[in-house]
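> give me a 3D structure for the following:
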Amino acid sequence: MIGAALASVGGAVLALLAALGRLTLFTGQTLSHLLRPPFYGREFALALVQIGYFSLPVVGLTALFTGGALALQIYAGGARFSAEAVVPQIVAIGMVRELGPVLVGLMIAARVTSSIAAEIATMKVTEQIDALVTLSTHPMKYLTLPRVLAATLVMPLLVGVGDVIGIFGGYLVGTERLGFNAAAYIRNTADFLEPLDIVSSLVKGAAFGFIAALMGCYYGMHSNRGAMGVGRATKSSVVAAAVLILAANFILTEAFFSA
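Just a heads-up that it's a prediction; the model follows:
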């Protein structure tokens, strides 16, 4: 029984290491095509629009309601210690440092990662990827690189927009519901934020965009045949992207603010 238990644990560890190895090789192969022609500008532009522009509504609504709810929670908690005045500062730092990048990253994982995985997995099932190889077109250069590059470049913009809208949501609740002075709220927000807060938010956005697109492409390329394979690839890609985004958030937070 002990041997069977150890074998089970060892098998799980080996499977995890094998999966990490495949993902590392896939990442290296994707990045290796970055500076090698040909370049598919149309696919890159289309990915920018699909990942960036079409994600603005869900990012904006998520950030707006999160900022408003955060202001209410901070005010209610601060009232216990007569510290209601810190609402503008805490909303700003909470949205810019943590909630903005993480929530935008998770929304992109839900919307974009699943879409990429389903699209590429369907192309694999219908043998369109094999047709690309027949036409001397490298699938990773044509399908993976444009999406990963577009997500990495456009995600900082989405995070910036999410940060601003989230702070605006807190501003609306603070001024209309909690009785804060509008000019004082804006002044406290601007004075409290530091350049490092903004830089960390944008860097997190780029990292989360890279992870989200990479997971969609990886699981799409490695999906099994049939409708069940497409569904499993889509589900696995979103779960992996969400977990890796949260793990990357911890690592980047430690790197920026450990001191």
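> switch to C-alpha atoms for all contacts and neighbour counts from now on
OK.
> distance of Thr113 from Phe44?
The gap separating Thr113 from Phe44 is 16 Å, by C-alpha to C-alpha, to the nearest Å.
> neighbour-wise, which of those two wins?
A direct count of neighbours by other C-alpha atoms under 10 Å for Thr113 and Phe44 places Thr113 higher, at 33 against 21.
> let me see the contact set for the nearest residue to that one once chain neighbours are set aside.
Spatial nearest neighbour of Thr113, chain neighbours left out: Gly216 (4.5 Å); criterion: C-alpha to C-alpha, 6 or more residues apart in numbering. By C-alpha atoms under 8 Å, 6 or more residues apart in numbering, the contact list for Gly216 reads 112-118, 234, 237-238, 241.
> sketch out the low-pLDDT regions of this structure for me.
Residue ranges of the chain with pLDDT under 70: 259.
> centre-most residue in it?
The structure's the chain has its C-alpha centroid closest to Gly105; by C-alpha atoms, centre = their mean the separation is 2.5 Å.
> next one: the spatially most distant residue from the centre of the chain from Thr234, what distance?
In the chain, Met1 marks the outermost C-alpha relative to the chain mean, sitting 42.7 Å out by C-alpha atoms, centre = their mean. Counting by C-alpha to C-alpha, the gap from Met1 to Thr234 is 37 Å.
> picking that back up, packing partners for the one helix or strand the residue nearest to the centre of the chain maps to?
Assigned by DSSP states H and E, Gly105 belongs to helix 100-108. On a contact count with 3 or more C-alpha pairs under 8 Å, 6 or more residues apart in numbering; DSSP states H and E, helix 100-108 meets helix 56-78, helix 145-176, helix 195-221, helix 226-257.
> and that helix, how far from the chain's centre?
5 Å (C-alpha atoms, centre = their mean, to the nearest Å).
> quick one: it to helix 56-78, angle?
Angle, helix 100-108 to helix 56-78, by axes from the mean of the first three to the mean of the last three C-alpha atoms, to 10 degrees: 140 degrees.
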